[in-house]
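K.L.:
all I have is the shape, not the residue letters:
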């Protein structure tokens, strides 16, 4: 079948048929008539103008028209806005000639090509709409659509900024015949949105966060910026960051610049004891971006992401955790797992960091618990703790029964021992010992230092240490140590047991192989005619440690070593020891022995102190006066260091005084102060309570030493009198007020 040919939008065959109708018309009045319909819908067209020369007619609502004409030649134009006009030439041969012309008018067509504005590539699938007519562009971007008048042109494609043309503009594209005046083409710009994602709390950018608009997705950069292309208005906006609350119903409205401000998830967490409900301050809380500590009320505020695990830990508690699901508040309870405590000063409220804490369980020995920089301690084992003992230098020792797990807040009262020395010989006379205790109890005194192993190495108790049995060290004729302790504790008197260490004639006689020897042969004797044992010998050291532990377990409050040194009396040059006794050898031996003793006594309730020569705090590093005593060797491993600051024992010129014995305040004050400078260990000096070398020490001189020790912040002091005789006046309460020269003494008045 041949392809039909067109003329003015009318198929030629249809036109021929219409003319045939004209030829067959009867002899009605001359002119033309017919019906005009829409070629697409086949519906009649009203208002179609039919023009022949100067004469016109309009079709009615049924599409009918009639135009009377005289005979002759006519150019007939049939037109309607929005349609392609039809034009033909007709000849009326007679007045009776009538032509029937029925005509379908073609709607005018808008055709063209749609391109991508950026790439200039054809766009397929673009929707072109004019009124009810709609078309889509093909792979070459081409389209064709009916363009009836009174309608706007709309061109749209998902992801592109649409194009619209009003009715007047659309009509302007066509000439009077309904044909396009020029080729039509349009470019569409891809829709691009440049966005910024910000934190509401601090306006900082939110990076590495997925942003979705419709089906388009991207991720914000380090500056919180993002860009999305090919997005359509009306699409939902989604932000994928579990750390922020994203408002519901966010919709993209076609903005070129989009600013999104998100509120971060934030939660208040309350940490508490699962058993008591007590708030737990200082709990360490782990959150995704670091650790925080709970405040005094146990709470903390933290930013968290949805689904994040917030966990907390605290010394003495099982770790606890909760999952965050967007709540504004959360409770995080920690179950007590261990005995845990914190030590503070009852006077200042400050944490006590230097202390030994013993945890007593069903095990044979208590566990020694370390104390941290905040005064805290805990028991890490699984055994049930029955009680806790705390001994902190400068504070009263306490014992606390454990009735529950969890935090123990222990406030310690300060304690400074103000002691009288009781020599071994007075233990032969219990009544005299009791008299001294009574005197101390009625004054400012609160402690005694009692010889329990004296200069002759005899013991005030029947020791079960094998070496003590072997050498017969016990003296059964004196007051037993148990009675010594009991009588003092009845009067609330603190008992310090003095042990003479390396000056040990009994051990020397039983084991001559341990005796300090002279270079020419034979044992060394000091000025009292007594032998010394070698400080390097392990058996010698262990013997004294065993005695100290035994005393501590018998209830002594404090073990105090004396004569922890190498010999100094008489000619000591060239003495022979089991090891090289140079400076390093001596100080290392003393330091090792003190450290070992400290470790052994740590598991007992007793404190530990060591006596040193009065000049030891003044010695520069590298000088041990030949005896092995230095602050560095001894102080770190004792609870109290006790320099013997008897002013008359300082030689002429020492500390800048021709005769130091006449400067009791100055010697004691300056020596305690220099001890503080050399070590953080508590200092409790020995003070002179006797007269010698023609220098009389009465109440004024004795009290000046005491006030000097107090002014220098010593941790108590001990009066030394070899015979155990004390002037009651010098130890009476409130005695300073009776001696103005003592009350007025202070560092600013020192000579």
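P.N.:
Okay, I see it. Just so it is clear, the structure is predicted and the values come from calculations on it, not from any experiment.
K.L.:
now the spatially most central residue of the chain, nearest residue through space, not along the chain?
P.N.:
Among the residues of the chain, the one closest to the centroid is residue 291, at 2.4 Å (C-alpha atoms, centre = their mean). Of all residues not flanking residue 291 in the chain, residue 284 sits nearest, at 5.7 Å (C-beta to C-beta, 6 or more residues apart in numbering). The way it works is simple: take the backbone N, C-alpha and C, and place the C-beta from them, glycine included.
K.L.:
given the host helix or strand of the residue nearest to the centre of the chain, what are its sheet partners and their directions?
P.N.:
Using DSSP states H and E, residue 291 falls within strand 290-293. If you go by DSSP bridges, strand 290-293 pairs up with strand 284-287 (antiparallel).
K.L.:
mean confidence for the partner strand?
P.N.:
For strand 284-287, the mean pLDDT works out to 77.
K.L.:
show residues contacting it.
P.N.:
269, 271, 291-294, 300, 302-304, 308, 310-314, 332 (C-beta atoms under 8 Å, 6 or more residues apart in numbering).
K.L.:
kindly recompute the last result at 6 Å.
P.N.:
Residues from elsewhere that reach strand 284-287 (C-beta atoms under 6 Å, 6 or more residues apart in numbering): 291, 292, 293, 300, 302, 304, 310, 311, 312, 313.
K.L.:
any chance of CSV for these, columns pLDDT and distance to residue 344?
P.N.:
Output for those, formatted as CSV (pLDDT from 0 to 100; distance: C-beta to C-beta, whole Å):
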residue, pLDDT, distance to residue 344
291, 74, 24
292, 78, 23
293, 80, 18
300, 82, 23
302, 82, 28
304, 82, 33
310, 86, 29
311, 86, 28
312, 85, 23
313, 81, 22
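K.L.:
now the two most distant members of the residues you listed.
P.N.:
304 and 313 (16.9 Å; C-beta to C-beta).
K.L.:
of those two, who's got more company?
P.N.:
residue 304 (25 against 17; other C-beta atoms under 10 Å).
K.L.:
so what's that one up against?
P.N.:
265, 267, 287, 310, 324.
K.L.:
state the distance from it to residue 329.
P.N.:
Residue 304 sits 12 Å away from residue 329, going by C-beta to C-beta, to the nearest Å.
K.L.:
sorry, back to before: looking at the contacts of strand 284-287, spot the one nearest residue 704.
P.N.:
Once C-beta to C-beta is applied, the member of these that ends up nearest residue 704 is residue 293, at 49.4 Å.
K.L.:
measure the closest one to residue 299 for me?
P.N.:
11 Å.
K.L.:
who's more crowded, those two?
P.N.:
residue 299 (18 against 13).
K.L.:
I figured that one was touching residue 267, is that so?
P.N.:
No. Applying C-beta atoms under 6 Å as the test, residue 299 and residue 267 come out as separate, 10.5 Å apart.
K.L.:
low-confidence stretches in the protein?
P.N.:
By pLDDT under 70, the low-scoring segments of the chain are 1-29, 287-290, 337.
K.L.:
which residues in it form helices?
P.N.:
12-24, 167-172, 430-441, 466-471, 481-490, 505-510, 538-553, 583-601, 631-634, 664-678, 699-711, 728-731, 740-743 (DSSP state H).
K.L.:
adding mean neighbour count and distance to residue 50, write those out as a markdown table.
P.N.:
Converted to a markdown table, the helices of the chain look like this (neighbours: other C-beta atoms under 10 Å; distance: least, C-beta to C-beta, whole Å):
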| stretch | mean neighbour count | distance to residue 50 |
| --- | --- | --- |
| helix 12-24 | 13 | 13 |
| helix 167-172 | 14 | 22 |
| helix 430-441 | 16 | 142 |
| helix 466-471 | 16 | 144 |
| helix 481-490 | 18 | 138 |
| helix 505-510 | 20 | 148 |
| helix 538-553 | 20 | 133 |
| helix 583-601 | 19 | 126 |
| helix 631-634 | 22 | 128 |
| helix 664-678 | 22 | 126 |
| helix 699-711 | 22 | 132 |
| helix 728-731 | 17 | 144 |
| helix 740-743 | 14 | 139 |
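K.L.:
could those go into CSV alongside distance to residue 516?
P.N.:
Shown next, in CSV, are those (distance: least, C-beta to C-beta, whole Å):
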stretch, distance to residue 516
helix 12-24, 144
helix 167-172, 122
helix 430-441, 33
helix 466-471, 17
helix 481-490, 28
helix 505-510, 8
helix 538-553, 10
helix 583-601, 12
helix 631-634, 19
helix 664-678, 28
helix 699-711, 34
helix 728-731, 38
helix 740-743, 43
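K.L.:
so for residue 97, which of these sits nearest?
P.N.:
Smallest distance to residue 97 across those (C-beta to C-beta): 8.3 Å, for helix 12-24.
K.L.:
now do the contacts for the closest residue to residue 149 other than its chain neighbours.
P.N.:
Excluding the flanking residues, the one nearest residue 149 by C-beta to C-beta, 6+ apart is residue 82, at 3.9 Å. Applying C-beta under 6 Å, 6+ apart, we find residue 82 in contact with 108, 148, 149.
K.L.:
if we go to 8 Å?
P.N.:
107, 108, 147, 148, 149, 150, 178.
K.L.:
ok, now residue 501?
P.N.:
544, 561, 562, 563, 564.
K.L.:
how near is residue 315 to residue 375?
P.N.:
Taken as C-beta to C-beta, the span from residue 315 to residue 375 is 11 Å.
K.L.:
kindly apply the preceding question to residue 616 instead.
P.N.:
For residue 616 relative to residue 375 (C-beta to C-beta), the value is 30 Å.
K.L.:
these two: who's more crowded?
P.N.:
Neighbours were counted for residue 616 and for residue 375 using other C-beta under 10 Å; residue 616 has more, 25 against 21.
K.L.:
quick check: can you list the domain ranges of this structure?
P.N.:
6-105, 109-190, 192-264, 266-334, 339-412, 417-608 (automatic domain parsing).
K.L.:
returning to that earlier point: which residues does the residue nearest to residue 291 bridge with?
P.N.:
Assigned bridge partners for residue 284, using DSSP bridges, are residue 293, residue 313.
K.L.:
the strands in the stretch 201-350 of the chain, which residues?
P.N.:
210-213, 216-219, 225-229, 237-240, 244-245, 257-264, 266-273, 284-287, 290-293, 299-303, 309-313, 320-323, 329-334, 339-345 (DSSP state E, counting those that start in this stretch).
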